[in-house]
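compute the structure for the input listed below.
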Amino acid sequence: MPDLPTQQSRLEEQLAELKARRARIEGDLAEPLNPDSSEQAVELEDDPSLEGQAALIDQEIGSVSRALERIAKGTYGECVRCGSDIAPARLEARPEAALCIRCASAE
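Take a look at the predicted model:
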């Protein structure tokens, strides 16, 4: 089992970074459009990409938040599907991992 305080710290740092990235994207999307119509077209062209990035970041925020909840509940490191232990190397590589490698491979 990995060192829980270290993993918790890593997850909290990751969560803070994800939230900061999300806030920057929200700021970019909320910027008023340039009065020049040709510039507006260019600015609006980026919105779908930014919205897609925001959706991915929201998913990551959810994964990291759930991992922090599992730490608080004392179930961190247990596969949420089968209950087996998640390999320490997997948790080291992906501290937010909720599935053991066997269950993750089955998806």
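
the residue positioned nearest the centre of the chain: which element?
By CA atoms, centre = their mean, the chain has its centre lying nearest to E60, at 1.6 Å. Using DSSP states H and E, E60 sits in helix 47-73.

buried stuff in that helix?
Within helix 47-73, the residues scored as buried using 16 or more other CB atoms under 10 Å are 54, 57, 60-61, 63-64, 67-68, 70-71. C-beta: built from backbone N, CA, C; applies to glycine.

who are the neighbours in contact with the residue nearest to the centre of the chain?
Neighbouring residues of E60 by CB atoms under 8 Å, 6 or more residues apart in numbering: 18, 96.

ditto for the one 10 residues further on
Neighbour list for R70: 76-78, 80, 98 [criterion: CB under 8 Å, 6+ apart].

nearest to E31 among these?
When the contacts of R70 are ranked by distance to E31 (CB to CB), A98 comes first, at 35.7 Å.

which residue is the nearest non-sequential neighbour of the closest one?
V80 (4.6 Å; CB to CB, 6 or more residues apart in numbering).

tell me where the model's unsure across this structure.
1-2, 34, 36-43 (pLDDT under 70).

make it 80
1-2, 31-46, 107 (pLDDT under 80).

tell me where it has strands.
Read by DSSP state E, the chain holds no strands at all.

roughly how far apart are I86 and A54?
Distance of I86 to A54, computed by CB to CB, to the nearest Å: 28 Å.

likewise D46?
Remark: distance between D46 and A54 (CB to CB) = 12 Å.

one step back: can I get the contacts of R70 in TSV with distance to L15?
Below are the contacts of R70 laid out as TSV (distance: CB to CB, whole Å):
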residue	distance to L15
Y76	14
G77	18
E78	21
V80	19
A98	15
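
ok, so of those, who is nearest L4?
Taking CB to CB as the measure, L4 lies nearest Y76 of those, at 6.7 Å.

test my guess that the closest one contacts D3.
No - between Y76 and D3 there is no contact under CB atoms under 8 Å: 11.2 Å.

who has more neighbours out of these two?
More crowded of Y76 and D3, by other CB atoms under 10 Å: Y76, with 23 against 11.

contacts only, for that one.
For Y76, the contact set (CB under 8 Å, 6+ apart) comprises 4, 7, 67, 70.
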